[in-house]
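K.L.:
heads up, no residue letters with this:
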């Protein structure tokens, strides 16, 4: 094992892996998350030009997660056959093309189809990255690596908001700004898909930047961990399906995603409806909630680890998020909405870290892995329901107030449900990341 060799070698290997791999993978996730959510800015122009109602926009925005749900398993099966590096490269190229193809949306039906296809294309990206990290990082360092990688999600909004707002002002070739937004922000996925295929080493055995000693020791440790891990069985999957705690966690994660994606995919429109601000200014304002979410995610995960406590960290975060949504619901100014949604998104994202330490306290081994997959798949459907619910309610009522109140109620209930889960054991070192987002 690594720890039985040269003193400090374990830390040196993990540090080298962290600096060599994670910044690049972090960038890839920013690209993925940006292509997933940039439709929220395109809607500022696209809805009026294509005659897409609020209800239709909400359905189309959420349709991404329908494709994501149905194609996650097939994509994972292909990934295990062809390997993470080649599959990540291929799906980045495909989703980049699909994201650029959003310029061909001509009405609600084509909008629905393209968003569904984008979700289907991107479905295998995160599992592919997780498999890739598993082939590099020892188990003792894997949770930290995944949590650092995951922090790209809220930070993508910090970068993407101002960029997307600015791109709406680009005009040329007779195209409106929203088409240029999809072209320019979709192209990096195509380009980096090629870069992944050319530059990303498949495994430590192919890493020219590792010394022979580092490569051999790391390969031995990873192989020993692989041999010590039992294969999945029908019994383990069945036990996950039958465990009531897993389905409670599905409901909690569903509430988290309903809030996160409901707010994220509607926030630019909400701000626009309350102000006469420019698209660039709106983009800058939307960066604030995402920055707050990144800070809250790290702080709550750290404090949860420090205190070795999970449930009340989740409940407290849900309370903050609910209060933020209530503030946003009763606000009549863009500033108050940004403040309220900052609390809402920060609270919802802060729930993630402690939340993903809980599945291994209910089940062990491959049953825990199966439980995590179930929670992830079902919970991500909240990304479909949130945007659609807000669009539907706004169409019926003419305002965002009622939809914010409904989302607040869902977040409050989901946060409270965690108290029904009985924990058997804790994993204090892993309160910062979802191992299968």
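P.N.:
That came in fine, so what should we check first? Please read all numbers here as calculations on a predicted model, not as lab measurements. Residues are numbered from 1 along each chain as shown.
K.L.:
Tell me which residue is most central in the chain.
P.N.:
The structure's the chain has its C-alpha centroid closest to residue 153; by C-alpha atoms, centre = their mean the separation is 5.4 Å.
K.L.:
The helix or strand harbouring that residue: how far from the chain's middle?
P.N.:
Here residue 153 sits within helix 152-167, counting by DSSP states H and E. Using C-alpha atoms, centre = their mean, to the nearest Å, we find the averaged C-alpha position of helix 152-167 to lie 14 Å away from the chain's own average C-alpha position.
K.L.:
Same check on stretch 238-247?
P.N.:
Between the mean C-alpha point of stretch 238-247 and the mean C-alpha point of its chain there is a distance of 24 Å (C-alpha atoms, centre = their mean).
K.L.:
Touching that stretch from outside, list them.
P.N.:
Stretch 238-247 is contacted from outside by 359, 362-363, 367-368, 370-371, 374-375, 421-422, using C-beta atoms under 8 Å, 6 or more residues apart in numbering. Just so you know, the C-beta spots here come from the backbone N, C-alpha and C atoms, and that holds for glycine as well.
K.L.:
Span of it from start to end?
P.N.:
With C-alpha to C-alpha, to the nearest Å as the measure, the first residue of stretch 238-247 is 13 Å from its last.
K.L.:
residues in contact with stretch 8-28?
P.N.:
Where contact means C-beta under 8 Å, 6+ apart, the residues beyond stretch 8-28 that reach it are 2-3, 88, 92, 125, 129, 132-133, 136-138, 141, 145, 148-149, 151-152, 192, 196, 200, 207, 209-210, 213-214, 217-218.
K.L.:
likewise stretch 321-341?
P.N.:
For stretch 321-341, using C-beta under 8 Å, 6+ apart, the contacting residues are 259, 263, 267, 270-271, 274-275, 277, 285-286, 288-289, 342-348, 350-351, 400-402, 404-405, 407-408, 411-412, 415.
K.L.:
and the helix holding residue 153, which residues are buried?
P.N.:
Buried residues in helix 152-167, counting neighbours by 16 or more other C-beta atoms under 10 Å, are found at 152-158, 160-167.
K.L.:
about what we covered before: would you check how far apart the residue nearest to the centre of the chain and residue 405 are?
P.N.:
Applying C-beta to C-beta, to the nearest Å, one obtains 26 Å for the distance of residue 153 from residue 405.
K.L.:
Filter the contacts of stretch 8-28 down to the buried ones, ChimeraX style.
P.N.:
To isolate the buried members of those in ChimeraX, using 16+ other C-beta under 10 Å:
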select :2,88,92,125,129,132,133,136,137,138,141,145,148,149,151,152,192,196,200,207,210,214,217,218
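K.L.:
before we move on, back to that, ok, the residue nearest to the centre of the chain - contacts?
P.N.:
Residue 153 makes contacts with 29, 33, 349, as judged by C-beta under 8 Å, 6+ apart.
K.L.:
Mind pulling up the pLDDT for the nearest residue to residue 280 once chain neighbours are set aside?
P.N.:
What sits nearest to residue 280 in space, not counting adjacent residues and going by C-beta to C-beta, 6 or more residues apart in numbering, is residue 165, at 4.5 Å. Residue 165 is assigned a pLDDT of 94 by the prediction.
K.L.:
Compute the number of surrounding residues for the residue nearest to residue 275 when sequence neighbours are not counted.
P.N.:
Computed as C-beta to C-beta, 6+ apart, the closest residue to residue 275 that is not its neighbour in sequence is residue 334, at 4.2 Å. Applying the criterion other C-beta atoms under 10 Å, we find 19 residues in the vicinity of residue 334.
K.L.:
so how far is residue 328 from residue 334?
P.N.:
When C-beta to C-beta is applied, the distance between residue 334 and residue 328 equals 11 Å.
K.L.:
and what of residue 47?
P.N.:
Note on residue 47: its distance to residue 328, by C-beta to C-beta, is 21 Å.
K.L.:
more crowded one of these two?
P.N.:
Neighbour totals were compared for residue 47 and residue 328, and residue 328 leads with 26 against 18 (other C-beta under 10 Å).
K.L.:
what about the nearest residue to the more buried one once chain neighbours are set aside, distance to residue 325?
P.N.:
Among residues not flanking residue 328 along the chain, residue 340 sits closest, at 3.1 Å (C-beta to C-beta, 6+ apart). Taking C-beta to C-beta as the measure, residue 340 falls 7 Å from residue 325.
K.L.:
Contact partners for residue 203?
P.N.:
Counting by C-beta under 8 Å, 6+ apart, the residues that residue 203 touches are 135-136, 219.
K.L.:
An error on my part: the question was meant for residue 263.
P.N.:
Under the criterion of C-beta under 8 Å, 6+ apart, the contact partners of residue 263 comprise 289, 325, 341, 344-345, 348, 386, 407.
K.L.:
Make a ChimeraX selection of whichever of these turn out to be buried.
P.N.:
Paste this into ChimeraX to select the buried members of the contacts of residue 263, with burial taken from 16+ other C-beta under 10 Å:
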select :289,325,341,344,345,348,386,407
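K.L.:
Which of the contacts of residue 263 sits closest to residue 77?
P.N.:
Closest approach to residue 77 among the contacts of residue 263 (C-beta to C-beta): residue 386, at 28.2 Å.
K.L.:
what sits against that closest one?
P.N.:
Counting by C-beta under 8 Å, 6+ apart, residue 386 touches 62, 257-263, 265, 407.
K.L.:
One more: residue 35?
P.N.:
95-96, 99, 118, 122, 185-186, 189.
K.L.:
do that again at 10 Å, thanks
P.N.:
The neighbours of residue 35, taking C-beta atoms under 10 Å, 6 or more residues apart in numbering as the test, are 64, 92, 95-96, 98-100, 102, 118, 121-122, 156, 160, 182, 185-186, 188-189.
K.L.:
Also residue 32?
P.N.:
Counting by C-beta under 10 Å, 6+ apart, residue 32 has contacts 91-92, 95-96, 99, 122, 125-126, 129, 152-153, 156, 189, 192.
K.L.:
now swap in residue 44 and tell me
P.N.:
Contacts were defined as C-beta under 10 Å, 6+ apart; by that measure residue 44 touches 164-165, 168, 177-178, 181, 268-269, 271-272, 279, 282-283.
K.L.:
And residue 78, by the same measure?
P.N.:
Listed by C-beta under 10 Å, 6+ apart, the contact partners of residue 78 are 71, 86-87, 90-91, 124, 128.
K.L.:
go on, residue 155?
P.N.:
Applying C-beta under 10 Å, 6+ apart to residue 155 gives the contacts 26, 29-30, 33, 287, 290-291, 293-294, 297.
K.L.:
remind me which residues of the stretch 1-150 of the chain are low pLDDT?
P.N.:
Along the stretch 1-150 of the chain, segments meeting pLDDT under 70 span 1-7, 143.
K.L.:
How are the helices of it distributed by residue range?
P.N.:
In order along the chain, the stretch 1-150 of the chain carries the following helices (DSSP state H, counting those that start in this stretch): 9-37, 39-50, 54-82, 84-100, 108-122, 125-134, 139-150.
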